[in-house]
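Trainee: what follows is a predicted structure for the sequence shown.
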Amino acid sequence: MGQLTVVTTDGVKQDELKGIWKRWLSSYVACTPDECDTTGVRFEPDNVQQFKGCIEHGSLGDAGICRVVSSSYRYVRTAQESAGMASSTMVVLQTRGKSCFQQDGRKSSLFPGDWNVYDPSRAFSVISTGQSENLVLLLPGGAAGELRAMLETMPGRSFGRSGIECTVRDLISVSFLECQKMSHRSGATVTGSIAQMIHSSVEEAASSNKPAAPSLKDQILEFIELNLGEEKLGVGSIAQAFACSTRQIHRLFQDEARMTVSEYIWKSRLEHSFRDLRNTALHQHSITDIAFNRGFSNAAHFSRLFKETYGMTPREYRRALSS
């Protein structure tokens, strides 16, 4: 039994934030404090002036478990700097927002309720968009390596939507809430059960006779990504493209993404516009051109949404980048 360790960026100086948050991710999430000063680990917030983050870390037997809440960022770890790490298995459960993980050619997007398995001793990257929250369980042992061959046959697959996968999702959530009340022996029993269920989940998915076809959700998200520049992109055009009812599309987004179709589209447009403004190759493009290329039809509306999301207008943000 033990108390959670809590660290937060509140009060951290802006010029120290990137280094401190990278150190916390290495120390509390990956449990590799010696790694934090290496050049092979990179952390880049989308907006260092607005970045906020909090990590709550506890133990579950010999495993580490934590909740990570933060603004948008990109985290990259290279294989060269991870080679000396002890074998462990990282299970990431998305509880709010969206994160995109990439490892060994696997690229998966995690929405609330989704989980996946990664090997922290190998190179990987994660992009977290908007305000996001994850539960991370770091299991001792090389189960991730044992599962790698099966996971590589399902490069875009995430878990957590049905059957035993839901049990894994729920057990990780409850384990974090109750970890302070568990003895070391109880925690080890729980993590052993989770590890066995994870192995069964991956094994069942890999051994399915049907090829892993993209889900309707994944197909729709890809369609939105490809058509963000279309001003009339909306639930009607999506339903028509996939021969579905608008009600079905609305229900899918509420169940899977925990937001409306319109919210997802404008958030995606804002995220792409934000990155376009940072892109040095687009510095000659006006802010209005960038907004319109991403599907906005009103510059004032774009500016208002941008400020509500990032704390400054597009013009102020571009000026800050050049200063």
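Mentor: Okay, I see it. Numbers count the residues shown, from 1 in each chain.

Trainee: how is the spatially most central residue of the chain assigned, secondary-structure-wise?
Mentor: In the chain, the centroid-proximal residue (CA atoms, centre = their mean) is residue 99; its distance is 1.8 Å. Classification of residue 99 by DSSP: H, G, I helix; E, B strand; the rest coil places it in strand.

Trainee: rounded mean pLDDT for stretch 57-77, please.
Mentor: Per-region confidence: stretch 57-77 scores 91 on mean pLDDT.

Trainee: same thing with stretch 169-187?
Mentor: Averaged across stretch 169-187, pLDDT comes to 93.

Trainee: between the two ends of it, how far is it?
Mentor: Stretch 169-187 has an end-to-end distance of 16 Å (criterion: CA to CA, to the nearest Å).

Trainee: gap between it and the chain center?
Mentor: 22 Å (CA atoms, centre = their mean, to the nearest Å).

Trainee: what ranges do the helices span in the stretch 1-150 of the chain?
Mentor: For the stretch 1-150 of the chain, the helices defined by DSSP state H, counting those that start in this stretch occupy 14-24, 79-82, 143-152.

Trainee: avg pLDDT for the first one?
Mentor: Confidence over helix 14-24, taken as the mean pLDDT, stands at 88.

Trainee: centroid-wise, who is the farthest residue in the protein?
Mentor: residue 284 (31.5 Å).

Trainee: quick revisit: would you confirm that the residue nearest to the centre of the chain contacts residue 131?
Mentor: No. If you go by CB atoms under 8 Å, residue 99 and residue 131 don't touch, sitting 11.4 Å apart. All C-beta spots, glycine's among them, are computed from the backbone N, C-alpha and C.

Trainee: now do the buried residues in stretch 193-209.
Mentor: For stretch 193-209, burial by neighbour count (16 or more other CB atoms under 10 Å) applies to 194, 195, 197, 198, 199, 201, 202, 205, 206.

Trainee: now do it, average pLDDT.
Mentor: Throughout stretch 193-209, pLDDT has a mean value of 87.

Trainee: try stretch 107-116
Mentor: pLDDT averaged over stretch 107-116 gives 87.

Trainee: just the residues contacting it, thanks.
Mentor: Applying CB atoms under 8 Å, 6 or more residues apart in numbering, the contact partners of stretch 107-116 are 91-101, 134, 155-161, 165, 168-169, 172, 217-218, 221, 256-258.

Trainee: measure it end to end?
Mentor: This stretch, stretch 107-116, spans 11 Å end to end (CA to CA).

Trainee: what about that stretch, distance to the chain center?
Mentor: Chain-centre distance of stretch 107-116: 7 Å, with CA atoms, centre = their mean.

Trainee: then stretch 265-275?
Mentor: Mean C-alpha position of stretch 265-275 versus that of the full chain (CA atoms, centre = their mean) differs by 16 Å.

Trainee: so the residue farthest from the centre of the chain lies in a helix, does it not?
Mentor: No. Remark: residue 284 does not belong to a helix; assigned using three-state DSSP, it is coil.

Trainee: can you list the weak-confidence ranges in the stretch 201-323 of the chain?
Mentor: Along the stretch 201-323 of the chain, the parts satisfying pLDDT under 70 run over 209-214, 255-258, 323.

Trainee: and stretch 44-64, which residues are buried?
Mentor: Neighbour counts over stretch 44-64 (16+ other CB under 10 Å) mark 45-47, 51, 53, 55-61, 63-64 as buried.

Trainee: inside strands: which ones of the residues you listed?
Mentor: Secondary structure from DSSP state E places 45, 53, 55, 56, 57, 58, 59, 60, 63, 64 of the buried residues of stretch 44-64 in strands.

Trainee: need the max-distance pair from the residues you listed.
Mentor: Maximum pairwise distance among these (CB to CB): 28.9 Å, between 45 and 60.
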